[in-house]
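> return a 3D structure for these sequence lines:
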Amino acid sequence: MDFHLNFDPKPFAVKIEHHQKLLLIGSCFTENIGSKLRQLKFSVLENPNGILFNPVSIATSLNSYIENKQYKEEELFYQNESWNSWQHHSRFSNPDKAATLAVINQSQQTAHSFLKTANWVLITLGSAFVYELENKEIVANCHKVPTDKFNKKLLSADEITKMLKEVMEKLSAFNPNIKIIFTISPVRHLRDGFVENNRSKAMLIQAVHQLVSENDTVFYFPAYELVIDDLRDYRFYAEDMVHPNYAATNYVWEKFITTCIDERTVQLMKEINIINAAKSHKPFNPTSAQHKKFLQTNLDKVTRLQEEHTYLDLREEINFFRRS
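Residues are numbered from 1 along each chain as shown. Modelled structure (predicted):
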């Protein structure tokens with residue numbers, strides 16, 4: 001008897017290559033994928049505004065990168081002894097207003113420049129619920145402001161489709177070579193309620209599939225379905241029963257590789273993984289001839305990779321094996 005139904009997503013018609021640049025934006029699940037890509041020496045920029053959950057804030061942020069929006073002092077507010085931005089994660093907050101503004105605007109400039117030549121944008125949507133201020137501004141982060149200061153509402157699939165389509169058109173005009181991957185975060189927003197979380201995810205799924213069906217440069221990677229329907233077990237969640245655990249994120253990552261990344265890049269990733277493992281190796285005797293041979297062998301591997309793939313930045317690895 002089968003107690004598990006394996007789900008193998010259909011491979012993309014166009015796949016990610018190692019020399020290409022990826023901008024990742026959205027929920028904390030985005031950062032799980034981004035950290036793995038960085039370890040494998042992909043050129044990535046993730047969450048220039050910090051973690052974002054709702055499609056309005058994601059669309060607003062992408063528009064701001066395209067326009068290279070520079071924030072002004074009057075767009076900040078003071079709360080909990082720090083200056084904050086309604087459109088940015090609290091990691092940008094600082095007791096010094098000028099410091100907050102400087103970090104935000106530097107991130108804006110970096111995102112604008114990166115997006116000009118990016119090949120892919122990976123968008124992870126977390127929730128269709130939004131929090132709205134009295135002036136109707138939808139915030140990306142509530143910064144622990146009391147909830148009675150906001151109007152909470154659930155976006156419809158049509159509203160989400162419309163705003164994402166508009167930003168996709170702007171992205172295409174700004175960078176005609178860009179391709180988009182949508183995912184729905186498998187993180188369960190149970191503070192909204194069990195029924196409400198499912199309604200929220202349904203709105204996101206409906207909107208995204210509408211966009212994918214209309215454009216052959218837009219793709220869908222089913223991270224949500226892999227956790228909810230393939231793994232389908234609380235043992236794949238962390239202790240909070242909300243966030244996928246290490247085993248679950250690794251499982252989704254393996255599916256991401258086979259679905260989204262081309263074969264030559266997969267082979268290169270394997271070589272880089274070997275080098276990463278060698279860097280983590282703890283020698284029994286650092287002065288032994290055997291260890292010196294180990295270092296030289298890996299230095300030769302890294303040097304060869306750098307010569308064969310000139311876009312890679314392997315300076316750190318080369319210096320590591322030279323000085324160890």
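> what's the spacing between Trp86 and Phe92?
11 Å (C-beta to C-beta, to the nearest Å). All C-beta spots, glycine's among them, are computed from the backbone N, C-alpha and C.
> tell me which of those two has more neighbours.
Each of Trp86 and Phe92 has its neighbours counted (other C-beta atoms under 10 Å); Phe92 has more, 23 against 19.
> Val103 is in contact with that one, correct?
Yes: the pair Phe92 / Val103 is scored as a contact, 5.5 Å apart, by C-beta atoms under 8 Å.
> identify the contacts common to the two.
Shared contacts of Phe92 and Val103 (C-beta atoms under 8 Å, 6 or more residues apart in numbering): none.
> mind checking how far the residue lying farthest from the centre of the chain is from His281?
Distance from the C-alpha centroid of the chain, by C-alpha atoms, centre = their mean, peaks at Ala289 (42.9 Å). Distance, Ala289 to His281, by C-beta to C-beta: 16 Å.
> against which helices or strands is the helix or strand that contains Glu169 packed?
Element membership of Glu169, judged by DSSP states H and E, is helix 157-174. Contacts defined by 3 or more C-beta pairs under 8 Å, 6 or more residues apart in numbering; DSSP states H and E place helix 157-174 against helix 55-67, helix 97-117, helix 194-214.
> give me that answer again for 6 Å
Helices and strands touching helix 157-174, by 3 or more C-beta pairs under 6 Å, 6 or more residues apart in numbering; DSSP states H and E, are helix 55-67, helix 194-214.
> how about whichever helix or strand comes after the first one: buried residues?
Once the chain leaves helix 55-67, the next helix or strand it forms, by DSSP H and E, is strand 76-79. By neighbour count, with 16 or more other C-beta atoms under 10 Å as the criterion, the buried positions of strand 76-79 are Leu76.
> whatever helix or strand comes next after strand 76-79: how far from the chain's middle?
Per DSSP H and E, the first helix or strand lying C-terminal to strand 76-79 is strand 82-85. Relative to the centre of its chain, strand 82-85 is centred 23 Å away, using C-alpha atoms, centre = their mean, to the nearest Å.
> what lies in contact with strand 82-85?
Here strand 82-85 makes contact (C-beta atoms under 6 Å, 6 or more residues apart in numbering) with Leu76, Phe77, Ser93, Pro95, Lys97, Thr100, Ile104, His143.
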